[in-house]
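# next come a sequence and a model predicted from it.
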Amino acid sequence: MEEVNKTPIAEELAKRQKSISVAEFFEKNRHILGFDSAPRALITTIKEAVDNALDACEEAGILPDLLVEVNRGDGEYLQITIEDNGPGIIKEQIPKVFAKLLYGSRFHALKQSRGQQGIGISAAVLYSQITTGKSTKIISKVDHKSPAHYYELMIDTSTNEPSILEDRIVDWPNAHGTRIEIEMAASYVKGRKQSVYEYLKSTAIINPHARIRLVEPDGNEIFFERATDQIPKQAEEVLPHPHGIELGTLMKMMQNTERQKLAPFLRYSFSKIGLQTAEEICDAAGLDREADPHALDRNDAVKLLNAFKKAKIVAPSTSCLSPITEDLIYQGLKKEFSVDFIATASRKPAIYSGNPFVIEVGVAYGGNFPKDEKSQIMRFANRVPLLYQQGACVTTHAVESIKWKQYGISQPGGGVPFGPFVLLIHIASTNVPFTSESKDAIADIEIIREETELAVKEVARKLKSYLGKQGDLAKRREKEVIITKLLPQMAEKVASMVGKEVPDIQPAVANIMGNLLVNRTTDAGTDSQSHMHFVSLAVRNYGTAQRKFKIHQILPCEIKSPSPPPSSIVSVGNNYDYIWEVNVAAGGSKVFRFTIDGANENELANMDEVIVEGLDEEDVTGAKALNELF
């Protein structure tokens, strides 16, 4: 029987194999990019658009004004509109920015930025067309004198190229900016930590220079006002640092360089390598300084890497970073939370694989936060909130590793501490090591965990100090309540027994409490026809330490013959604020005298209370105390 020729199975399998585009890959693996559920798909879309808008505004030096609007679309779909006042996008770039995956300007730039992969907003366009079959609408305008360009786009997944359905010029009243309208299968949820509201609130805290308006599907509008007009310092692009380079990358750099000699290649391709250091590296590697980098092989590259490790090279520049700063973290927390105490901390720049990074932390305590629940951890990377996979993040691991009991905070069973406070943790880096493409959690890198732990401990110490002081103040208040209730009763009883007027007990209270006593007296002049009155402000320090403060007396008229003269006088509407700077030793006293001419008895009776600036209310008797005035 004659044998039949058959095609080898390997050839049959080879016929079925073909290349796929990146768009096709993400079309079938959309969960990788954060589109694995209807609520999360909405948040991811808004996040990517807002990130782009904030980056564009900051690069152009524009204070961001953003609109995020969510409406009910056809059926179960939601229509999302994000509009910004940024610099806009030039006509030729619009289709590629929104309808081509892995297209962007920041992937190769070694500096801090919110987005670097070039996937974000185009992935949202892809998800939209997968779930609705509809196109995405974009309007962009670069200048008030230029026309606004309108596009309707989809992605050709077989080629990963934009498919332009409509391209025309439209009237748009905005001077410049970009607007995207996108419809998709998604759901809008409220009352959850993973919600559009919580994401935008977190964004407003970490970007206090931005103003954001949210319009919810039911028409409710929420405004997140900016707390500062200070635009973040722009990060500068830097060269790679030799301590973070890998073998394959070094070989690629040598092949692609325009330099013809090894020493100049090292000097102009890496940061912190000068002429002398470049020559020392060549000598340590046993390579000719004049050698052509293109002619070097893998073994030569290994020698260079080993020489990098031995050479004394200055740490990477931090000009490529743009931290938030402690002051703006404080302003952001104060703006969005009504709390009793806020503290911040910022670590010095550290290095991970040649990439500099900075850890910043804030804590907001008290207010309406629940006392018997786990504290909230707000995680951020390059000014972007991380809402998902908290348990997988190095920042969470750092918080859990701390023994919070030594800071006066409950931590039953270990893990995240309990208490009425929020921890804000931000990492600013040129290359944040996320655990996945969806950028939800930061990988557990030892140096990042250590820096985070040290920063959190710093604010924990400040919180412990505050809680200790509050405990002391609570005891003082309890003591003062007892005294102020008991002494008046005793004074009244003794006065009635001896037939005299009830004495002023304030000096006694101040003495017992160790307070500053302020006593104001007013005496009329001897001339019955005159409206002259003599005022004395007497202060006595019953405390055990020196006290430095300011006294404010607000009056509707000018004073005469002040002794000593006030340190300054401030006009407050129709009144004058007379201010004396005072320094009183323990047990000491001072008197400030002045004359009022022309005031009647009613005006004197309604004279504003004396204000003491610079002391806590619990430390002052007989006057109003304000630690921060006006």
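Sure, I can see it.
# leaving out sequence neighbours, find the closest residue to Thr318.
Pro349 (4.4 Å; Cβ to Cβ, 6 or more residues apart in numbering). Placement of C-beta: from N, CA and C, glycine included.
# doesn't Ile359 make contact with that neighbour?
No: taking contacts as Cβ atoms under 8 Å, Pro349 lies outside contact range of Ile359: 9.4 Å.
# can you give me the pLDDT of the spatially most central residue of the chain?
Centroid-nearest residue in the chain, with Cα atoms, centre = their mean: Ile206, separated by 2.4 Å. Looking at Ile206, its pLDDT reads 89.
# could you do Leu33 as well?
66.
# ok so, going back, measure the residue nearest to Thr318 to Cys320 for me?
10 Å (Cβ to Cβ, to the nearest Å).
# more neighbours: which of the two?
Using other Cβ atoms under 10 Å, the more surrounded residue of Pro349 and Cys320 is Cys320, with 23 against 18.
# any idea how far the more buried one is from Thr249?
17 Å.
# ok, now Leu537?
For Leu537, the distance to Thr249 equals 73 Å [Cβ to Cβ].
# these two: which is more packed in?
Neighbours per residue, other Cβ under 10 Å: of Leu537 and Thr249, the larger number sits with Leu537, 20 against 12.
# how close does the more buried one sit to Arg383?
Separation of Leu537 from Arg383 (Cβ to Cβ): 50 Å.
# for Gln79, which non-adjacent residue is closest in space?
Nearest to Gln79 is Gly73, by Cβ to Cβ, 6+ apart, at 4.1 Å.
# residue contacts, the one you found?
79, 132, 183 (Cβ atoms under 8 Å, 6 or more residues apart in numbering).
# quick one: the strands in the stretch 301-450 of the chain, in order.
341-346, 350-352, 355-365, 376-381, 384-386, 421-429 (DSSP state E, counting those that start in this stretch).
# what separates the fifth one from the chain centre, distance-wise?
Once both centres are worked out by Cα atoms, centre = their mean, to the nearest Å, strand 384-386 turns out to sit 10 Å from its chain's centre.
# which secondary structure elements does it sit against?
Counting contacts by 3 or more Cβ pairs under 8 Å, 6 or more residues apart in numbering; DSSP states H and E, strand 384-386 packs against helix 38-59, helix 196-206, strand 376-381.
# distance to Ile94 added to the ones you listed, as JSON lines?
Formatted as JSON lines, the helices and strands packed on strand 384-386 follow (distance: least, Cβ to Cβ, whole Å):
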{"stretch": "helix 38-59", "distance to Ile94": "12"}
{"stretch": "helix 196-206", "distance to Ile94": "24"}
{"stretch": "strand 376-381", "distance to Ile94": "28"}
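# would you mind telling me which of the ones you listed is nearest Tyr330?
Ranking the helices and strands packed on strand 384-386 by proximity to Tyr330 (Cβ to Cβ) places helix 196-206 first, at 10.5 Å.
# if I take that closest one and helix 38-59, what angle do their directions form?
Angle of helix 196-206 versus helix 38-59, following axes from the mean of the first three to the mean of the last three Cα atoms, to 10 degrees, is 30 degrees.
# and the angle from helix 196-206 to strand 355-365?
Using the same axes, to 10 degrees, the direction of helix 196-206 lies 110 degrees away from that of strand 355-365.
# and after helix 196-206, which helix or strand comes next?
Stepping forward along the backbone from helix 196-206, the first helix or strand reached (DSSP states H and E) is strand 211-215.
# and that next one, which strands flank it?
Note on strand 211-215: by DSSP bridges, its sheet partners are strand 65-72 (parallel), strand 221-224 (antiparallel).
# residues in contact with the helix or strand harbouring Tyr576?
Here Tyr576, judged by DSSP H and E, is contained in strand 575-584. Outside strand 575-584, the residues that touch it by Cβ under 8 Å, 6+ apart are 516, 537, 539-541, 546-559, 562, 564, 566-571, 590, 592, 594, 608.
# can you say which of those residues are buried?
Burial by neighbour count, 16 or more other Cβ atoms under 10 Å: within the contacts of strand 575-584 this picks out 516, 537, 539-541, 547, 549-555, 559, 566, 590, 592, 594.
# circling back to that earlier point, show me the least confident stretch of the strands of the stretch 301-450 of the chain, going by mean pLDDT.
For the strands of the stretch 301-450 of the chain, the weakest mean pLDDT is recorded on strand 350-352, namely a mean of 82.
# for that one, packing partners?
Strand 350-352 packs on strand 355-365, helix 446-498, going by 3+ Cβ pairs under 8 Å, 6+ apart.
# would you single out the least confident of these?
Note on the helices and strands packed on strand 350-352: helix 446-498 shows the lowest mean pLDDT, a mean of 77.
# so for the helix or strand that it is followed by, what gets flagged as buried?
Next in sequence after helix 446-498, counting helices and strands by DSSP H and E, comes helix 506-513. Of all the residues in helix 506-513, those buried under the rule 16+ other Cβ under 10 Å are 506-510, 513.
# then stretch 590-603?
Residues of stretch 590-603 classed as buried by neighbour count (16+ other Cβ under 10 Å): 590, 592, 594, 596, 599.
# okay, the residues you listed in TSV with distance to Ala278 next?
Formatted as TSV, the buried residues of stretch 590-603 follow (distance: Cβ to Cβ, whole Å):
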residue	distance to Ala278
Lys590	69
Phe592	70
Phe594	74
Ile596	79
Ala599	81
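# report the two of these separated the most.
Greatest spacing in the buried residues of stretch 590-603, by Cβ to Cβ: Lys590 and Ala599 (24.1 Å).
# how far away from the center of its chain is stretch 386-397?
On Cα atoms, centre = their mean, the centre of stretch 386-397 falls 17 Å from that of its chain.
# could you chop the chain up by domain?
By the record's domain assignment, the chain is partitioned as 22-224, 242-310, 326-468, 506-626 (automatic domain parsing).
# from Val620, how far off is the nearest residue to Gly614 once chain neighbours are set aside?
Closest residue to Gly614 apart from its sequence neighbours, by Cβ to Cβ, 6+ apart: Phe549 at 3.8 Å. Phe549 sits 9 Å away from Val620, going by Cβ to Cβ.
# anything in contact with each of those two?
Overlap between the contact sets of Phe549 and Val620, as judged by Cβ under 8 Å, 6+ apart, is given by 516, 612.
# that older thread, strands - which of the contacts of strand 575-584 land there?
Secondary structure from DSSP state E places 516, 537, 539-541, 547-555, 562, 568-571, 590, 592, 594 of the contacts of strand 575-584 in strands.
# residues in contact with Val361?
344-346, 423-426, 452, 455-456, 458-459 are the contacts of Val361 under Cβ under 8 Å, 6+ apart.
# export those to a markdown table and tack on distance to Ala307?
Listed next are those as a markdown table, based on distance: Cβ to Cβ, whole Å:
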| residue | distance to Ala307 |
| --- | --- |
| Thr344 | 41 |
| Ala345 | 38 |
| Ser346 | 34 |
| Leu423 | 43 |
| Leu424 | 42 |
| Ile425 | 37 |
| His426 | 36 |
| Thr452 | 33 |
| Ala455 | 34 |
| Val456 | 38 |
| Glu458 | 38 |
| Val459 | 41 |
